[in-house]
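Novice: let's see this in three dimensions:
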Amino acid sequence: MTKLTKNKKLALAKIDTDKSYTIEEAAGLVKDITYTKFDASVDIDIRLGVDPRKANQMVRGVVTLPNGTGKDTRVLVLCTPDKEEEAKSAGADFVGLDDYIEKIKEGWTDVDVIITMPSVMGKVGALGRVLGPRGLMPNPKSGTVTMEIGKAVKEVKAGKIDFKVDRYGIVHSTVGKVSFSPDKLVENVREFVSVIQKLKPSSAKGTYVKSIYLSSTMSPGIRIEPKSLEV
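Specialist: This is a model prediction of the structure:
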């Protein structure tokens, strides 16, 4: 059994594990129990009453958090030369095509999001074995395969994230930083959960949102009362 550090014991002592907190309480508490020396990310875990093995119960979508993620998202744009200037002026960190495809084939994946255009998906598709397991494969549904390269880069940089339910029926995402005010965290969580609610598959039976937990890097999870997020 792993030994609890003094800080973790103090953090655990502040949480009533039998209680479900309102989102407002949880947003304040997650700041209070985080003991990292750096500005930790705040994460959300939502367990859904779906069976992801069934295609008609796959929950996948895109959300733009009103206050961003607080993270500097590194964007690679794989495009033809005529689109390079548009990508650079929109704030892309890396722009090119064949050189970066070769780098990725050799194992380079030091980016958070890859944006590309339909005409080069043939080349990008060949990178599936490297990009797929890392969740970096561009996808038209998430807006990362588009002719509107500049717009896509700006949206990602502003806090647009895509998500999908994992094989255990859980959606996991970052919704901010510990340095955010509780109000900003609440706004981001509300937006994220409202998007999840709208994506409820018609074939999903019973309780859709089974549980919601908020945590930060290395902090215990705080259980949120789903009703506190209903508008």
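Novice: use CA for all of it now, contacts and neighbours both
Specialist: Noted.
Novice: same for the longest helix seen in the chain, what does it pack against?
Specialist: For the chain, the helix that runs over the most residues, judged by DSSP state H, is helix 182-198. For helix 182-198, the elements it packs on are helix 23-32, strand 60-64, strand 170-177, judged by 3 or more CA pairs under 8 Å, 6 or more residues apart in numbering; DSSP states H and E.
Novice: tell me the most buried of these?
Specialist: Of the helices and strands packed on helix 182-198, the one with the most neighbours on average (mean count of other CA atoms under 10 Å) is strand 170-177, at a mean of 22.
Novice: what residues are up against the residue lying closest to V30 once chain neighbours are set aside?
Specialist: The spatial neighbour of V30 that comes closest, neighbours along the chain excluded (CA to CA, 6 or more residues apart in numbering), is S215 at 6.2 Å. For S215, the contacting residues are 30, 42-44, 221-222, by CA atoms under 8 Å, 6 or more residues apart in numbering.
Novice: now do V156
Specialist: Contacts for V156 (CA under 8 Å, 6+ apart) come out as 73, 113.
Novice: same thing with the one 3 residues further on?
Specialist: G159 makes contact with 64-70 under the criterion CA under 8 Å, 6+ apart.
Novice: pLDDT weak spots in this structure?
Specialist: Where the chain drops to pLDDT under 70, the residues are 1-5, 7-12, 231.
Novice: most centrally placed residue in this structure?
Specialist: Of all residues in the chain, the one closest to the mean position by CA atoms, centre = their mean is S173, 3.6 Å from it.
Novice: what bridges to it?
Specialist: For S173, the beta-bridge partners under DSSP bridges are I44.
Novice: could you look up the SS state of R167?
Specialist: coil (DSSP: H, G, I helix; E, B strand; the rest coil).
Novice: nearest residue to it other than its sequence neighbours?
Specialist: R167 sits nearest to P52 (CA to CA, 6+ apart), 5.7 Å away.
Novice: count the neighbours of the one you found for me.
Specialist: 18 (other CA atoms under 10 Å).
Novice: hmm, who's touching stretch 106-114?
Specialist: For stretch 106-114, contacts defined as CA under 8 Å, 6+ apart pick out 73-78, 130-131, 136-138, 144, 156.
Novice: okay, strands next: where are they in the protein?
Specialist: Per DSSP state E, the chain carries strands over the ranges 41-48, 60-64, 75-78, 94-96, 113-116, 160-164, 170-177, 209-216, 222-224.
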